[in-house]
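Undergrad: just the structure for this:
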Amino acid sequence: MRTREAAERFVRVWERAWAEHDVDALLALYADGCVHRSMPFREPHRGRAELAAYLRWSFAGERVVDVRFGPPVIGQQGLAVAEFRVLVQEGEDPSTLAGCVFVRFDADGLAVETRDYWHTATGHQEPTGPLFLG
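TA: Below you'll find the model as predicted:
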């Protein structure tokens, strides 16, 4: 599978599945031996089982209001990057999570390595400047 096709599928599924907290749909995007880094200095989540546990923990107590991913930017050697913005309610408190994900795909179009960089802000807001580069 071409990187562009894999990346477009990745952001399309993430956008829908994050909104629905559909962990199984997300796991189907990843290779068995994937490595996911949720933040640069956290220990990585290795394999689908660790990724599933992380996703379930992340989604606990979160009610999604809106999820948007920008079009992926395609690099070399199976690499793509995409920006995202998520509006959530955690209890009574609205917050916004904005960031980007770097993904390396294998020949089958599955994510073998991902790394997220993100920031949260109080309230529902849009990042300054254009929402998505692309």
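
Undergrad: determine the longest helix present in this protein.
TA: If each helix of the chain is counted by residues according to DSSP state H, the longest one is helix 3-20.

Undergrad: what is the rounded mean pLDDT of the helix or strand just after that one?
TA: Per DSSP states H and E, the first helix or strand lying C-terminal to helix 3-20 is helix 23-27. The predicted model assigns helix 23-27 a mean pLDDT of 98.

Undergrad: give me the contacts around helix 23-27.
TA: 13-14, 16-18, 48, 51-52, 55-56, 59 (CB atoms under 8 Å, 6 or more residues apart in numbering). To be clear about C-beta, it is placed using only N, CA and C from the backbone, and glycine gets the same treatment.

Undergrad: one more time with 6 Å
TA: 13, 17, 48, 52, 55 (CB atoms under 6 Å, 6 or more residues apart in numbering).

Undergrad: and the longest helix of the chain, what's buried?
TA: 3, 6-8, 10-11, 13-15, 17-18 (16 or more other CB atoms under 10 Å).

Undergrad: how about JSON lines for the residues you listed, with distance to residue 91 and pLDDT added?
TA: Formatted as JSON lines, these follow (distance: CB to CB, whole Å; pLDDT from 0 to 100):
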{"residue": "3", "distance to residue 91": "39", "pLDDT": "96"}
{"residue": "6", "distance to residue 91": "36", "pLDDT": "98"}
{"residue": "7", "distance to residue 91": "34", "pLDDT": "98"}
{"residue": "8", "distance to residue 91": "34", "pLDDT": "97"}
{"residue": "10", "distance to residue 91": "30", "pLDDT": "98"}
{"residue": "11", "distance to residue 91": "28", "pLDDT": "97"}
{"residue": "13", "distance to residue 91": "28", "pLDDT": "98"}
{"residue": "14", "distance to residue 91": "24", "pLDDT": "98"}
{"residue": "15", "distance to residue 91": "24", "pLDDT": "96"}
{"residue": "17", "distance to residue 91": "23", "pLDDT": "97"}
{"residue": "18", "distance to residue 91": "19", "pLDDT": "96"}
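
Undergrad: right, I'll call it a day here.
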